[in-house]
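Engineer: I would like to see how this sequence folds:
(chains A and B)
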Protein chains: 2
Amino acid sequence: MKKLYFITGNMGKLAEIQERVKTLDIKVIQKDLGYPEIQVENLEDVAEYGVKHIQKQFNEPFILEDAGLFIDDLDGFPGVYSKYVFYTIGLKGILKLMENTTKRSALFRSVYAYAEPNSKPILFVGECKGTITIKERGTGGFGYDPIFVPEGESKTFAEMSREEKNRYSHRGKAVDELLDFLKK
Amino acid sequence: MKKLYFITGNMGKLAEIQERVKTLDIKVIQKDLGYPEIQVENLEDVAEYGVKHIQKQFNEPFILEDAGLFIDDLDGFPGVYSKYVFYTIGLKGILKLMENTTKRSALFRSVYAYAEPNSKPILFVGECKGTITIKERGTGGFGYDPIFVPEGESKTFAEMSREEKNRYSHRGKAVDELLDFLKK
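Structural biologist: Next up is the predicted model:
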């Protein structure tokens, strides 16, 4: 009998294929090794993956940045997939998902990576706590700015000048760290 | 003046950091190389990435499978991120996003990869067209099964027996192809 390992943690998928091979000379054996599915939990991994990719084709010092909005009521959604979610369900989708909740806390995170050729990147992390608005407000900034109010403020990022936003924002804080490093 | 390349396609991020380095001896230059952000458009890439990862640590022939639900009204959301979305906003979230739409068509896709040591994987793709229900129905299956009705049927996947579901499903079709190949 031919052995075939099925790399999965999903018992439903395993049962489905075992049902199918019953009459065949094949034995499907579960092997739950786990693999990343090109999907990761944190922005640091996303940034490091990006750095490796760029270093293969570009030979100068560079920076790149990854950011995400982690909403408590949605179990961290959209998180590392913020960009993808923005271009599919968008701000309208996020507000709809939160229509009936009063738990509106969220965390904006930014990770800047600075990388020199053939070296591991140095990461600079900035965070900004805040709340998700009931509706979109303001036209400045980009991405989730119209629905995010930083802690201690009443305006959304999209209602602030760029300078004002930089003072508060996750990305502003990450840039602070990056610039401190570059000045040295 | 020190040159620093910023790998980004986002003009907002570029403007933010340029604002910040104005007074410093650093020139930030945009370089829009594009990198995958560990985020991909299609299941084939997800499966191939998984295979490469497993082959580094496992030396037997194996299979793995990646599936996703692509909802037309949500621009393909949750797509390749179906698993992540399932564990954050869940079925409740999907139904809420679709509360007021009559455009309920969706496509379930499954990609099985069969891989031998040191070889490129062979991919087997199955698809199943269908519609998203108004509310959850049934307790069988897993994942999005309670809200998906395949074309030409009235029951959701979660209301079917495993055998019945296998006959229709994206994964059932991909397994058909895989088994045809393995029999040869």
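Engineer: how much space is there between the most centrally placed residue in chain A and chain B?
Structural biologist: A centroid search over chain A (Cα atoms, centre = their mean) returns A:Val80, at 1.2 Å, as the residue closest to the centre. A:Val80 sits 8 Å away from chain B, going by Cβ to the nearest Cβ, to the nearest Å. Backbone N, C-alpha and C define where each C-beta goes, glycine included.
Engineer: isn't that residue right up against A:Val46?
Structural biologist: Yes. Between A:Val80 and A:Val46 there is a contact under Cβ atoms under 8 Å: 5.6 Å.
Engineer: Over to A:Pro78: give its phi and psi.
Structural biologist: Phi and psi for A:Pro78, reported as degrees, to the nearest 10, are phi -80, psi -10.
Engineer: Identify the residue spatially nearest to it, adjacent ones excluded.
Structural biologist: Spatially, and ignoring its direct neighbours in sequence, A:Pro78 is nearest to A:Val85 (3.7 Å; Cβ to Cβ, 6 or more residues apart in numbering or on different chains).
Engineer: Can you name the next helix or strand after the helix or strand containing the one you found?
Structural biologist: Here A:Val85, judged by DSSP states H and E, is contained in helix A:82-88. Downstream of helix A:82-88, the first helix or strand assigned by DSSP H and E is helix A:90-97.
Engineer: Could you chop chain A up by domain?
Structural biologist: With domains defined by automatic domain parsing, chain A comprises A:2-31, A:43-183.
Engineer: Buried deepest among those, which one?
Structural biologist: Most buried of those by mean neighbour count (mean count of other Cβ atoms under 10 Å in any protein chain shown) is domain A:43-183; its value is a mean of 19.
Engineer: residue ranges of the strands in chain A, please?
Structural biologist: Taking DSSP state E, the strands of chain A run over residues A:2-7, A:26-31, A:62-71, A:78-79, A:105-115, A:122-132, A:148-150.
Engineer: and of the ones you listed, who's closest to B:Gly76?
Structural biologist: The minimum distance between B:Gly76 and the strands of chain A falls on strand A:78-79, with 14.8 Å, by Cβ to Cβ.
Engineer: who touches that closest one?
Structural biologist: A:68-71, A:84-86, A:94, B:88 (Cβ atoms under 8 Å, 6 or more residues apart in numbering or on different chains).
Engineer: Is A:Thr8 in contact with A:Ile17, as I believe?
Structural biologist: No. Counting by Cβ under 8 Å, A:Ile17 is not a contact partner of A:Thr8; they are 9.1 Å apart.
Engineer: before we move on, back to that, I'd like the strands of chain A as JSON lines, with mean pLDDT appended.
Structural biologist: JSON lines is the format used below for the strands of chain A (pLDDT from 0 to 100):
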{"stretch": "strand A:2-7", "mean pLDDT": "84"}
{"stretch": "strand A:26-31", "mean pLDDT": "85"}
{"stretch": "strand A:62-71", "mean pLDDT": "92"}
{"stretch": "strand A:78-79", "mean pLDDT": "94"}
{"stretch": "strand A:105-115", "mean pLDDT": "94"}
{"stretch": "strand A:122-132", "mean pLDDT": "96"}
{"stretch": "strand A:148-150", "mean pLDDT": "97"}
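Engineer: Using a markdown table, lay out those together with distance to B:Lys184.
Structural biologist: As requested, those are exported to a markdown table (distance: least, Cβ to Cβ, whole Å):
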| stretch | distance to B:Lys184 |
| --- | --- |
| strand A:2-7 | 12 |
| strand A:26-31 | 13 |
| strand A:62-71 | 45 |
| strand A:78-79 | 43 |
| strand A:105-115 | 47 |
| strand A:122-132 | 49 |
| strand A:148-150 | 56 |
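Engineer: thinking again about what came up before, the domains of chain A: lowest mean pLDDT?
Structural biologist: Sorting those by mean pLDDT places domain A:2-31 lowest, at a mean of 84.
Engineer: just how off-centre is that domain within its chain?
Structural biologist: The chain centre lies 33 Å from the centre of domain A:2-31; the measure is Cα atoms, centre = their mean, to the nearest Å.
Engineer: is it anywhere near chain B?
Structural biologist: Yes. With Cβ under 8 Å from any Cβ of the partner chain as the criterion, chain B is reached by domain A:2-31 at A:2-8, A:10, A:12-13, A:15-17, A:19-21, A:24, A:26, A:28, A:31.
Engineer: Quote the end-to-end distance of that domain.
Structural biologist: When the termini of domain A:2-31 are compared using Cα to Cα, to the nearest Å, they are 15 Å apart.
Engineer: List the contacts of A:Lys184.
Structural biologist: Listed by Cβ under 8 Å, 6+ apart, A:Lys184 has no contact partners.
Engineer: That one and chain B, how far apart?
Structural biologist: To chain B, A:Lys184 is 12 Å away according to Cβ to the nearest Cβ.
Engineer: pLDDT at A:Glu37, what is it?
Structural biologist: On pLDDT, A:Glu37 comes in at 47.
Engineer: Excluding chain neighbours, give the residue nearest to A:Ala15 in space.
Structural biologist: B:Arg162 (6.5 Å).
Engineer: Kindly report the same for A:Ile7.
Structural biologist: Computed as Cβ to Cβ, 6+ apart, the closest residue to A:Ile7 that is not its neighbour in sequence is B:Leu64, at 4.3 Å.
Engineer: mind checking how far A:Lys184 is from B:Phe124?
Structural biologist: Using Cβ to Cβ, to the nearest Å, one gets 54 Å for the distance from A:Lys184 to B:Phe124.
Engineer: Let me fix that, I meant to ask about A:His170.
Structural biologist: 42 Å.
Engineer: now do A:Tyr84
Structural biologist: Per Cβ to Cβ, A:Tyr84 is found 26 Å from B:Phe124.
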